[in-house]
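Chemist: structure for the following, please:
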Amino acid sequence: MGDKIYHPNVLTPDQIIAKLSSVFESGVGGDLFFYDSTTSTHIEHGIEYEIRKCPALLLKPVMPTPHFSASPPKGKPDPFEPPYSKDLLVGELHGENDSKYIIMDLTRVTKFSVVKHHFLLITKEYLPQSTPPTPEDLIAVYSLITAASRAGNPFFGFFNCGVKSGASQGHKHLQLFPLSSPDGPPIEVLASRTNLENDSKPFALPGVPWAHYVRRFPPHFASSSTPTEELYETLTEAFMSLLDLSIVSIRHDNENEHETGALNYNLLITKSHMHIIPRSHDKHVLGQSGDAVSVNSVGFAGLLLVKSDAESEAVTMEGVQNILR
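Modeler: Numbers count the residues shown, from 1 in each chain. Next comes the predicted model:
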């Protein structure tokens, strides 16, 4: 196992992006286990979904549904608390209003890496994963996305909120996922192709059979010269307007009529858009195989993960959009 350290270096977003590769390379063979995967494209209704197959995931232990309690569950270690593994730790990021985050390459729980440089933005102090992202969280994620874009390494950010969102840990964390194309994940391409009369208003994503709300950012928004005040106002307004639409959808969902106060959604952030998808189920049972497919934000970005050829065939036979619906 790698050495344990308690005082990560404070880094800028640009320094964090620059350090990802070296952390990943040093972690493989230590506390990080990387498994090869293959990808294929599956086109439905003009959207090029990506299906990634990784047979090693058959060995990954099934994690119990996390408890989003106001404090860490007693008797259960918090994987995002010190001591940190040198093999997985990137550094510390200080955000606005004294917010502090630990940047970590994947989790310290299963340590299964399928995509290189996928990393986590973890609140330094414990907060439950059901806590909505703050303006400081949104700015931190967006700053990392734009830093990665400047370095020629496109990423998108995401947050799984609630027990039906596909979240796997109770300690609040946001994630950043590397992309093979600067155009963004498949669902972002659809959002970018959507013509709008007013770019400052949220819109429902066309051509998908589930509730999916999007807010487009101004053309200049990703510039390194955008003032912090504008980042704060635009990201906060986008999130609140999309969350309001999601709450309306949840209230109109008959399957959720018996629930009170339960907010489950996936949040996607790209360089050009913010997306929110309200959720009513965290898994879909495939009709062909009977296997349960868990879907989080990455799935609603158009990137699905399967464990075998049989599961891949079942997913394509059933249809990605049917699964996400």
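
Chemist: switch to C-alpha atoms for all contacts and neighbour counts from now on
Modeler: Will do.

Chemist: quick one: contacts for the closest residue to residue 308 other than its chain neighbours?
Modeler: Ranked by C-alpha to C-alpha, 6 or more residues apart in numbering and with sequence neighbours excluded, the top spatial neighbour of residue 308 is residue 55, at 5.4 Å. By C-alpha atoms under 8 Å, 6 or more residues apart in numbering, the contact set of residue 55 is 37, 306-308.

Chemist: which one of those has the most neighbours?
Modeler: The member of the contacts of residue 55 that has the most neighbours, counting by other C-alpha atoms under 10 Å, is residue 306 with 22 neighbours.

Chemist: for that one, give the beta-bridge partners.
Modeler: Residues in a beta bridge with residue 306, per DSSP bridges, are residue 53.

Chemist: check it and give its pLDDT.
Modeler: In the prediction, the pLDDT value recorded for residue 306 is 88.

Chemist: circling back: pipe the contacts of residue 55 into a markdown table and attach distance to residue 212 per row.
Modeler: Listed next are the contacts of residue 55 as a markdown table, based on distance: C-alpha to C-alpha, whole Å:
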| residue | distance to residue 212 |
| --- | --- |
| 37 | 28 |
| 306 | 23 |
| 307 | 27 |
| 308 | 29 |
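
Chemist: next structured bit after the helix or strand where residue 26 lies?
Modeler: Element membership of residue 26, judged by DSSP states H and E, is helix 13-27. Note on helix 13-27: by DSSP H and E, the next helix or strand toward the C-terminus is strand 33-34.

Chemist: summarise which helices and strands that following strand is packed against.
Modeler: With contacts defined as 3 or more C-alpha pairs under 8 Å, 6 or more residues apart in numbering; DSSP states H and E, the secondary structure elements packing on strand 33-34 are strand 112-113.

Chemist: residue boundaries of the helices in this structure?
Modeler: Ranges of helices within the chain are 13-27, 135-150, 186-193, 228-251, 297-300, 309-318, 320-324, based on DSSP state H.

Chemist: tell me which other helices or strands the shortest one touches.
Modeler: The helices and strands touching helix 297-300, judged by 3+ C-alpha pairs under 8 Å, 6+ apart, are strand 155-161, strand 265-269.
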